[in-house]
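1. Quick one, what's the 3D model for this:
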Amino acid sequence: MLHYTTYHHKTSKDWVTFVHGAGGSSTIWFKQLRDFRKHFNILLLDLRGHGNSKPNLKDAFSDQYTFDSITEDIVEVMNHEKIAQSHFIGISLGTILIRNLAENHPSRVKSMIMGGAIMKLNFRSQVLMRLGVIFKSVVPYLWLYKFFAFIIMPNKNHRESRSLFVREAKKLYQKEFIRWFKLASEINPLLRFFRTVDISVPTFYVMGEEDYLFLPTIQKIVKTHKEATLFVIEKCGHVVNVEQPNIFNQQVIGYLTNLQKG
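-> Okay, here's the model as predicted:
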């Protein structure tokens, strides 16, 4: 089972589950924890092979990586903690897992908060991914990760996010990185399905104005998906919860509070 931590609220019955992206860990939510604990029960988890969810050759982590199997890891934790339903907050690749969970287990997802959401790989992204697949076995994985982190988060004000993700990625094993990289390189058909199919789950996209690779797609999605809304943070890149935590926390807590009232 995944490594996870829970924080219980004295009166609230609502749960919020935080899902990090590839190469990260639950520690990327450190700027959210204090504010969100004031309002909700919290579930923080480390995805397989990340953080303290260390791979073990004898356990299920040695199986083939798919988005469905990784999604089921999260559901297993919820079942173990008897969490029937939760709001989900994701960043980057974590948003794909949340959307997949909502597709496979709609009754478990109260709402989806999609920070730095990835819903399409544009042509440049696809070329970079293909190059990465070609060189992943011969180039040290950390070089690849630093390169992709710079492509996604190029500006000077993105430096903290880049540094955080590279620091967390250092904790990954080479074999784990290759598994996740291969998984990410094969997501286009799944993302095409997610863009096409509107889902009846309240969805709040929080994107950075400077998230050049992924923001344009989200702007198109919210025009056609009835339950989707978008908030764009100015002077901010891909990892919105790290770069602009105060705005992120305020907007998301406000959104969830309004859902409860509604």
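2. Going by C-alpha atoms from here, please, whenever you check contacts or count neighbours.
-> Will do.
3. tell me the mean pLDDT for stretch 240-247?
-> Mean pLDDT, computed over stretch 240-247, is 96.
4. List of residues touching it?
-> 28-29, 31-32, 91, 115-116, 157-158, 160-161, 206-208, 233, 236-237, 248-249 (Cα atoms under 8 Å, 6 or more residues apart in numbering).
5. Only the buried subset of those residues, as a PyMOL command please.
-> If you want just the buried ones from these in PyMOL, going by 16 or more other Cα atoms under 10 Å, the selection is:
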select buried, resi 28+29+31+32+91+115+116+158+161+206+207+208+233+236+237+248+249
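6. Now, the contacts of stretch 240-247 that are in strands?
-> Among those, the ones falling in strands (DSSP state E) are 91, 115, 206, 207, 208, 233.
7. Would you mind identifying the helix or strand in the protein with the lowest mean pLDDT?
-> One helix or strand of the chain scores below all others by mean pLDDT, DSSP states H and E: helix 123-135, with a mean of 59.
8. could you pull out the helices for the stretch 1-150 of the chain?
-> Under the criterion DSSP state H, counting those that start in this stretch, helices of the stretch 1-150 of the chain are mapped to 30-37, 67-80, 93-104, 123-135, 141-152.
9. Would you confirm that residue 110 contacts residue 86?
-> Yes: between residue 110 and residue 86 there is a contact under Cα atoms under 8 Å: 5.4 Å.
10. Can you add distance to residue 71 and pLDDT and give the ones in strands among the contacts of stretch 240-247 back as JSON lines?
-> Formatted as JSON lines, those follow (distance: Cα to Cα, whole Å; pLDDT from 0 to 100):
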{"residue": "91", "distance to residue 71": "15", "pLDDT": "96"}
{"residue": "115", "distance to residue 71": "18", "pLDDT": "98"}
{"residue": "206", "distance to residue 71": "22", "pLDDT": "98"}
{"residue": "207", "distance to residue 71": "23", "pLDDT": "98"}
{"residue": "208", "distance to residue 71": "26", "pLDDT": "96"}
{"residue": "233", "distance to residue 71": "28", "pLDDT": "98"}
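11. Can you pick out the most distant pair from the residues you listed?
-> Farthest apart among those by Cα to Cα are 91 and 233. That separation is 14.4 Å.
12. Check the protein for its longest helix and report it.
-> helix 245-261 (DSSP state H).
13. got the angle between it and helix 30-37?
-> Helix 245-261 and helix 30-37 are oriented at 30 degrees to each other (axes from the mean of the first three to the mean of the last three Cα atoms, to 10 degrees).
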